[in-house]
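**Q** Starting from these lines, generate the structure:
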Amino acid sequence: MSSQTYKIAAFYKFAPLPDYRERREPLRAFSEAQGVKGTILLAEEGINSTIAGPNNGLEKVLEYIQSDPAIGKLKIKYSKAPEIPFYRMKVRLKKEIVRLGRPDVNPSDQVGEYVDPEDWNDLISDPKVTLIDTRNDYECDLGTFQGAANPHTKNFRDFPRYVDSKLADKKDQPVAMFCTGGIRCEKSTSLLLKKGFKKVYQLNGGILNYLEKVDPADSLWQGDCFVFDNRVTVNHHLEPGSFDMCYACRHAISEKDKRSPQYIEGISCPHCFESLSDEQCKRAAQRQKQIEISQKLHRKHIGMTAEERAAWREEKLEKRRPKRGL
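**A** Take a look at the predicted model:
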């Protein structure tokens, strides 16, 4: 492998980790020592991560994680990029490794039937099957499977409400769901089964596995796939896509978006131009000025990664969410 190419590994596993807090620092220190960067989420229910680095260092980290008897062997999805798409190494402690907000839903108890990428086209081409993209609206906007329903959720915690309002009459019909790497479908299919749905399927390994295994000539995927790192999106060859990120609203933006009069680099884009407050624009302008100064001095400005931007978006939406009584 060229010295200019870096390997990226995405993986998750639901496994009881009651001592997940104690695992944080040793895992972070070991990863940093190998030159690996990215984000690892740890929770009592398991581990979820995308990390990148030199081939040898990345494999050492993966061996380290899989040598833990509580975790064991992982299903890892690989891709590559000309540079590491992360600024730093972070190990975060979470209530859930993917936040649905339903503690009664446990993928370790039951999940939908796995469908391999090679068999996915046949399943979703059946007109009796309801196909659902479980990702958030800004992800669906960039690419999805032909015929897939977009739940128009702002975050994954909105998904149970979508199920109750739009799928209640489909409990006896086959439902197929997909997401980026498979983790959200572990919980979404478990949720549907808990609600009494009879035939629930999920794309094994998610979109990334499908893009890796299915020839583009036979593909039913349309567009790019959003990823939670500085690549922003990947194409059908799992190469970095053509999208950038708006630092004001954290939405992916195309070259067409950049040509819009509503696009001001680092400050606004067509997706957020009309919704930003004067104070938000002011902060964005100050940040953009810092970036430009760093560029003139040939320094790298350390901003938020795409994963951190997504977390920021989630926190912002959570603050806006009306509080419910117990």
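**Q** Tell me the spacing between Asn56 and Tyr138.
**A** To Tyr138, Asn56 is 35 Å away according to C-beta to C-beta, to the nearest Å. Every C-beta, even on glycine, is put in place using the N, C-alpha and C of the backbone.
**Q** which of the two has more neighbours?
**A** Tyr138 (17 against 11; other C-beta atoms under 10 Å).
**Q** Which of the helices or strands spans the more buried one?
**A** When elements are assigned from DSSP states H and E, Tyr138 belongs to helix 137-140.
**Q** So which bits of that helix are buried?
**A** Residues of helix 137-140 classed as buried: Tyr138, Glu139, Cys140 (neighbour count, 16 or more other C-beta atoms under 10 Å).
**Q** residues contacting the closest residue to the last one other than its chain neighbours?
**A** Counting by C-beta to C-beta, 6 or more residues apart in numbering, Asn150 is the residue found nearest to Cys140 once chain neighbours are left out, at 4.4 Å. With C-beta atoms under 8 Å, 6 or more residues apart in numbering as the criterion, the residues that contact Asn150 are Asp133, Asp137, Cys140, Thr144.
**Q** From one end of stretch 127-147 to the other, what's the distance?
**A** Here the two ends of stretch 127-147 are set 10 Å apart, with distance taken as C-alpha to C-alpha, to the nearest Å.
**Q** Tell me how far that stretch lies from the chain's centre.
**A** Relative to the chain's own centre, stretch 127-147 is displaced by 14 Å; criterion: C-alpha atoms, centre = their mean, to the nearest Å.
**Q** In it, which residues are buried?
**A** 129-136, 138-140, 142-145.
**Q** try stretch 158-172
**A** Per 16+ other C-beta under 10 Å, stretch 158-172 contains these buried residues: Asp158, Phe159, Pro160, Tyr162, Val163, Leu167, Lys170.
**Q** Quick check: the third one touching Arg102?
**A** What it means is Pro160. Yes: counting by C-beta atoms under 8 Å, Pro160 sits close enough to Arg102 to count as a contact (6.1 Å).
**Q** which residues do the two both contact?
**A** Common neighbours of Pro160 and Arg102 (C-beta under 8 Å, 6+ apart) are Leu191.
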